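A.B. asks: need a 3D model of the sequence below.
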Amino acid sequence: MKIRPAVVDDAEALTDLHLDVWEEAYAGLIPDEILTDRRAQRAARVDRWRTNLGTSPIANLVVEADEPGLLLGFASSGPARDEDPGLPPLELSALYVRTERYGTGLGHELLQSAIGDSAAYLWVLDGNQRATAFYERQGFRFDGETKTDPVGTELRMVRG
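C.D. replies: Just a heads-up that it's a prediction; the model follows:
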């Protein structure tokens, strides 16, 4: 297993991973229709990953299993997308590992590879206790900001 930068050729495997980890992490927290719709839009999601991996300023890392073509997790980080002058300039926009890797330290390794000990912020879905506890162990704290989107209410966490 190794952590490496994602490349355009990872688009299909990364799409499948992204769909799987959302279903694993958010079942019961967001409407089932959202998960079903995401799965139905797989081809468009593959195209979006191909485009993003080729052109976006966001750094995407993947965890590649020993088995060729199997991804176990991914993280995305880059310049802050929110225009709040008090925020760190770095945003962790995604960090997911497959459920069978929960509690193995893989999430921590992925976080370290993505942002190290840098000051950063992220958004976590309200009610996602596992993610909240993980980020709190990494030094992130809620700052009181929230936003609502189709998946639900998200809470901002900041470190540094």
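A.B. asks: mind listing the residues bridging to the nearest residue to residue 72 once chain neighbours are set aside?
C.D. replies: Nearest residue to residue 72 in three dimensions, chain neighbours excluded: residue 63, at 4.3 Å (C-beta to C-beta, 6 or more residues apart in numbering). No exception for glycine: its C-beta is placed from N, CA and C like everyone else's. Counting by DSSP bridges, residue 63 forms beta bridges with residue 3, residue 73.
A.B. asks: ok, now which ones touch residue 63?
C.D. replies: By C-beta atoms under 8 Å, 6 or more residues apart in numbering, the residues touching residue 63 are 1-3, 71-74, 97, 106, 109-110.
A.B. asks: mind putting those residues in TSV, neighbour count included?
C.D. replies: Formatted as TSV, the contacts of residue 63 follow (neighbours: other C-beta atoms under 10 Å):
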residue	neighbour count
1	14
2	8
3	18
71	22
72	22
73	23
74	23
97	25
106	18
109	16
110	22
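A.B. asks: dump the residues you listed to a markdown table, plus distance to residue 52.
C.D. replies: A markdown table is the format used below for the contacts of residue 63 (distance: C-beta to C-beta, whole Å):
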| residue | distance to residue 52 |
| --- | --- |
| 1 | 24 |
| 2 | 22 |
| 3 | 19 |
| 71 | 15 |
| 72 | 20 |
| 73 | 17 |
| 74 | 12 |
| 97 | 20 |
| 106 | 23 |
| 109 | 23 |
| 110 | 18 |
